[in-house]
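> Give me a model of this one.
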Amino acid sequence: MYIKTTAGKGLNNKSSCSDLMCYLSKEDETAFKDKNGNVLNELEAINLIDKNTSGLHRNSARFYMITVNPSSDEILHLVNQHRSLNRLQLIDRNTPKGDLSFERLSPKEKEHVIQSIEKKYIPKVMDNYARAFHRNGITDHQQLVYVSKVEINRTYKHNDKTVLDGAKIKGQQKEGFNVHVHVVVSRMDANKKIKLNPNIKNKNDQWRKDGQSMTRGFVLKEFQVNSIADFNNTFNYSAQNKYLKSNHQYLDNRFAKNQIRHATGILKGKFTNTLSQGHFGIEKELIGKTSSALSWTKTAVTLATNPVLGSKEALIKAAKAILDKGMENVKEK
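Next up, the predicted model:
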């Protein structure tokens, strides 16, 4: 699985999305769909995005494109799921790509693959997209305005290595299962109040506007990894390549850091509670013990970049234990 965000095939995303929608209409086997799964024609798809621009400046980006690229093995897994349910012979996962073709699948198999992606997976991808902004009020795909379209084929481009080497010809169809999805998403949320830019370099930065605390930024890695995990969990898929395994490692790191942040919150809460109860006479001692505990937390964050199962919990418990011991001493005095 490979997921990326772009301005849309190099097209100008500061005006109408009509050129992009025209490009995406090149395959007629599938239709444009809105976030609720409704079928749209090309003009309806264009209007849905183009009319959701209130509040944007003339030269501002109006839309972005997300491309969701399942691997041939992931599509094969969906095919075999259908075959297993219907007690049909499974396709060997070691089958050469040259022997795999979406066109050779039965109509039922094609329908199963497309609907699995459209109905079960893309809404989860867009949930992750929304959450990666960490903005109040933007929690899932229902707060977004977007159009998705499944495509079946991929062809070799002029700059592909195999074309440059003369092994393939530009425009020749690629081998294997090449099902992928283009999602054209409006920069404005569904309420036309919040601007969402996945290309911004900030990552979950805090700032204030009109006296209110705001968050800006987009965590691309979080979006990608959560979407990969959702595919694996939704379809019970076991990843087999290095790229996906490295992302599972990222998930482990992220889990560890979230647990550590939670532990840190508990530490700070206990400290604040103690002061509020009037233990000012021993605040110096308590601060020292809290600082010691937080230093353990920082050590845990460092170690979490290369987590070993079990060490995460041990480090967190150690941080809690230090402050708990300090609290016991306070009560004794």
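
> ranges for the strands of the protein?
2-6, 32-34, 39-40, 63-69, 146-151, 180-186, 205-209, 212-216 (DSSP state E).

> Now render these as CSV, adding mean neighbour count and mean pLDDT.
In short, each C-beta sits where N, CA and C put it, glycine included. CSV is the format used below for these (neighbours: other C-beta atoms under 10 Å; pLDDT from 0 to 100):
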stretch, mean neighbour count, mean pLDDT
strand 2-6, 17, 91
strand 32-34, 20, 97
strand 39-40, 14, 97
strand 63-69, 20, 96
strand 146-151, 22, 97
strand 180-186, 22, 97
strand 205-209, 10, 65
strand 212-216, 12, 66
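
> Distance check, the nearest residue to residue 39 once chain neighbours are set aside against residue 17.
Leaving aside its sequence neighbours, residue 39 sits nearest to residue 31 (C-beta to C-beta, 6 or more residues apart in numbering; 4.7 Å). Distance, residue 31 to residue 17, by C-beta to C-beta, to the nearest Å: 17 Å.

> If you count surrounding residues, which of those two has more?
Neighbours were counted for residue 31 and for residue 17 using other C-beta atoms under 10 Å; residue 17 has more, 25 against 16.

> got the contact list for the closest residue to that one other than its chain neighbours?
Distances taken as C-beta to C-beta, 6+ apart put residue 49 closest to residue 17, at 4.7 Å, once the chain neighbours are dropped. Residue 49 sits next to 17, 62-63, 145-147, 184, 186 when contact means C-beta atoms under 8 Å, 6 or more residues apart in numbering.

> try 6 Å
17, 63, 184, 186 (C-beta atoms under 6 Å, 6 or more residues apart in numbering).

> got it, and residue 74?
No contacts exist for residue 74 under C-beta under 6 Å, 6+ apart.

> per-residue confidence for it?
Residue 74 is assigned a predicted lDDT (pLDDT) of 96.

> Residue 242 too?
pLDDT, residue 242: 51.

> cool, and residue 292?
55.

> which regions of the stretch 101-250 of the chain sit below the pLDDT cut-off?
202-215, 240-250 (pLDDT under 70).

> what are the ranges of the helices in it?
107-115, 122-131, 161-164, 220-234, 242-276 (DSSP state H, counting those that start in this stretch).

> List the buried residues of the first one.
Along helix 107-115, the positions that meet the burial threshold by neighbour count (16 or more other C-beta atoms under 10 Å) are 109-110, 112-114.

> by contact count, what packs against that helix?
helix 72-85 (3 or more C-beta pairs under 6 Å, 6 or more residues apart in numbering; DSSP states H and E).

> Send me the helix it packs on as PDB with only the CA atoms.
These are the backbone C-alpha positions of helix 72-85, laid out as PDB (Å, rounded to 0.1, in the frame of the first residue of the first chain):
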ATOM      1  CA  SER A  72      -1.000  -6.300  -6.400                       C
ATOM      2  CA  ASP A  73      -0.800  -8.700  -3.400                       C
ATOM      3  CA  GLU A  74      -3.400  -6.700  -1.500                       C
ATOM      4  CA  ILE A  75      -5.800  -6.800  -4.400                       C
ATOM      5  CA  LEU A  76      -5.100 -10.500  -4.800                       C
ATOM      6  CA  HIS A  77      -6.000 -10.900  -1.100                       C
ATOM      7  CA  LEU A  78      -9.400  -9.300  -1.700                       C
ATOM      8  CA  VAL A  79     -10.000 -11.600  -4.700                       C
ATOM      9  CA  ASN A  80      -9.100 -14.700  -2.600                       C
ATOM     10  CA  GLN A  81     -11.500 -13.500   0.200                       C
ATOM     11  CA  HIS A  82     -14.300 -13.700  -2.300                       C
ATOM     12  CA  ARG A  83     -13.200 -17.000  -3.600                       C
ATOM     13  CA  SER A  84     -12.900 -18.400  -0.100                       C
ATOM     14  CA  LEU A  85     -16.400 -17.300   0.700                       C
END
